[in-house]
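>>> Make a model of this:
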Amino acid sequence: MSRATPPVIACQNVWQVFGPNAKAALADALARSGGDPQAAAGLLGAAGLIPAVQDATFEVGEGELFVIMGLSGSGKSTLVRCIAQLLEGTSGEISIEGENVVGAGKQRLTRLRREKMGMVFQHFGLFPHMTVAENVAYPLRVQGVDRKRRRARAQEVITLVGLQGREGAYPRELSGGQRQRVGIARSLAVNPGIWFLDEPFSALDPLIRRQLQDEFLNIQGKLRKSIIFITHDIAEALKLADRIAIMRDGRIVQIGTPTDIVLRPVDDYVREFSRDVPKGRHARVASVMQPTDRCRPGPDDPGLRQGMTLDVALARCMDLYEPVPVWDDRGACVGAVNPADLAAALQVEDT
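Numbering: from 1, shown residues only. All right, here's what the predicted structure looks like:
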């Protein structure tokens, strides 16, 4: 996200506490703890309340795919439901495209969800008595869009998700992966700028899951939505994300790029997530390159690109010992990397 571009989603000190008199209990806990979120959460827990989301602060930029991951019970789904205002947060600020949605009226929230937000969940709730085309067009029907236009838009997104030819089928006639595609198409029908996806592929078998991940990346490459995607699968997070937020017991413990998570975990909890991840497949050359004023390609220039994985880059530099230039997609030199640094990055110990 460019810092010159306002965030599409901004969360500041968001709390979701379950239990009686949660707002007053949270205010008291924060006061007694001197504003320390972890200490306040401990006081709430001791009083029998559940601090499901604790002091969450982050931003999502325009066109960014932001993944929230963590184990079951970490608070990731609760946090997203607070952002979408499906749950009324206990405390904190949440802005959507600059508009504070905390305390917004029911009518305003309904309009926001219909016009700006798309949502896909693991259990996507297709209407069994409607065809694929009718399911996909349903949000437009609710908006009052005329039949001709909603049919045209439904066909457009059905084609986008690769279901052309199945428009007249009913959900019972589709595979699990096809039904999930219908859910994705339906969420895209109103062309939302913001997309929430809560473990949309977790119920699918591994092969179908990988195929849908690839399709999802293709769709995002074309549409550039601002996305919050929830998963508990580190491989899925690393494959899809621009940035990842890792949650534990209601707290966000690290936010970073896939490279940050793999090569620079902040603690043992994050390190354990990525312990079995092949670092060279996910970390990029940009993470280890250095500034340079020597950018002339030599006869042995391996043609490194900043987005290249460390595995590929090291294979090209195996017989080189001096720093080599790194190029961007336009052919401009953006830095240099020492082959020894590539090898060292792949040997980060999981301590």
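>>> Assess the claim that Pro51 and Ala39 are in contact.
No - using Cβ atoms under 8 Å as the test, Pro51 is too far from Ala39 to be in contact (11.2 Å). The way it works is simple: take the backbone N, C-alpha and C, and place the C-beta from them, glycine included.
>>> So between these two, which is more surrounded?
Pro51 (28 against 14; other Cβ atoms under 10 Å).
>>> ranges for the strands of the chain?
With DSSP state E as the criterion, the chain has strands at 9-18, 50-60, 65-69, 91-96, 99-100, 117-121, 194-198, 226-231, 243-248, 251-256, 304-305, 324-327, 333-337.
>>> Could you list the residues in contact with the first one?
Spelled out, that is strand 9-18. 23, 25-26, 44, 49-60, 66, 75, 78-79, 82-83, 87, 89-96, 194, 226, 228 (Cβ atoms under 8 Å, 6 or more residues apart in numbering).
>>> same check, this time on the fourth one
Counting by Cβ under 8 Å, 6+ apart, the neighbours of strand 91-96 from elsewhere in the structure are 7-15, 17, 23, 26-27, 55-56, 82-83, 85, 100-102, 112, 116-117, 194.
>>> let's go with 7 Å and repeat that
With contact meaning Cβ atoms under 7 Å, 6 or more residues apart in numbering, strand 91-96 is reached by 9-15, 23, 26, 82-83, 100-102, 112, 116, 194.
>>> The longest one too?
Outside strand 50-60, the residues within contact range by Cβ under 7 Å, 6+ apart are 1, 7-19, 37, 41, 44-45, 66, 75, 78-79, 82, 226, 228, 245, 250-252, 255.
>>> now the angle from that strand to strand 194-198?
Between strand 50-60 and strand 194-198, the angle comes out at 140 degrees (axes from the mean of the first three to the mean of the last three Cα atoms, to 10 degrees).
>>> Any buried residues in strand 50-60, and which?
By neighbour count on 16 or more other Cβ atoms under 10 Å, the buried set for strand 50-60 is Ile50, Pro51, Ala52, Val53, Gln54, Asp55, Ala56, Phe58, Glu59, Val60.
>>> Next one, pLDDT for the residue nearest to the last one when sequence neighbours are not counted please.
Counting by Cβ to Cβ, 6 or more residues apart in numbering, Ile9 is the residue found nearest to Val60 once chain neighbours are left out, at 4.1 Å. The predicted local confidence for Ile9 comes out at a pLDDT of 97.
>>> Any figure for the gap between Ile9 and Ile255?
13 Å (Cβ to Cβ, to the nearest Å).
>>> Would you mind telling me which of these two has more residues around it?
Between Ile9 and Ile255, Ile9 has the larger neighbour count (other Cβ under 10 Å), namely 23 against 17.
>>> since we're on Glu93, how many residues are nearby?
Counted with other Cβ under 10 Å, the neighbours of Glu93 add up to 14.
>>> Report the contact partners of Trp169.
Wrong residue type there; residue 169 is Ala, not Trp. Applying Cβ under 7 Å, 6+ apart, the residues contacting Ala169 are Thr131, Val132.
>>> Please repeat the previous calculation with a cut-off of 10 Å.
By Cβ atoms under 10 Å, 6 or more residues apart in numbering, the contact list for Ala169 reads Thr131, Val132, Ala133, Leu163, Gln178, Val182.
>>> Give the burial count for the fifth one, as a bare number.
Using other Cβ under 10 Å, Gln178 is surrounded by 18 other residues.
>>> if we can go back for a sec, export the contacts of Ala169 to CSV and tack on pLDDT and distance to Glu156?
As requested, these are exported to CSV (pLDDT from 0 to 100; distance: Cβ to Cβ, whole Å):
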residue, pLDDT, distance to Glu156
Thr131, 96, 16
Val132, 96, 13
Ala133, 96, 11
Leu163, 92, 12
Gln178, 90, 18
Val182, 93, 14
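>>> Please identify, among those residues, the one with the most neighbours.
Result: Val132 is most packed of those (other Cβ under 10 Å), 27 neighbours.
>>> all helices in this structure, in order from the N-terminus.
In the chain, the helices defined using DSSP state H lie at 22-32, 37-46, 76-83, 106-115, 132-143, 147-160, 176-188, 206-223, 234-240, 258-263, 268-273, 279-282, 310-317, 339-346.
>>> closest to Pro200 out of these?
helix 176-188 (6.3 Å; Cβ to Cβ).
>>> what's the angle from that closest one to helix 132-143?
Going by the same axes, to 10 degrees, helix 176-188 makes 20 degrees with helix 132-143.
>>> can you start the count at 51 instead of 1 from here on
Let's use 51 as the start, then, which means that last one is helix 226-238.
>>> Only C-alpha atoms, please: export helix 226-238 in PDB.
Taking C-alpha atoms only, helix 226-238 is exported to PDB below (Å, rounded to 0.1, in the frame of the first residue of the first chain):
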ATOM      1  CA  GLY A 226     -18.000 -28.600  -4.000                       C
ATOM      2  CA  GLY A 227     -15.500 -26.600  -6.000                       C
ATOM      3  CA  GLN A 228     -18.200 -25.400  -8.500                       C
ATOM      4  CA  ARG A 229     -20.500 -24.400  -5.600                       C
ATOM      5  CA  GLN A 230     -17.700 -22.400  -4.100                       C
ATOM      6  CA  ARG A 231     -17.200 -20.600  -7.500                       C
ATOM      7  CA  VAL A 232     -20.900 -19.700  -7.500                       C
ATOM      8  CA  GLY A 233     -20.500 -18.200  -4.000                       C
ATOM      9  CA  ILE A 234     -17.500 -16.200  -5.300                       C
ATOM     10  CA  ALA A 235     -19.400 -15.100  -8.400                       C
ATOM     11  CA  ARG A 236     -22.400 -14.000  -6.300                       C
ATOM     12  CA  SER A 237     -20.200 -11.900  -4.000                       C
ATOM     13  CA  LEU A 238     -18.800 -10.200  -7.100                       C
END
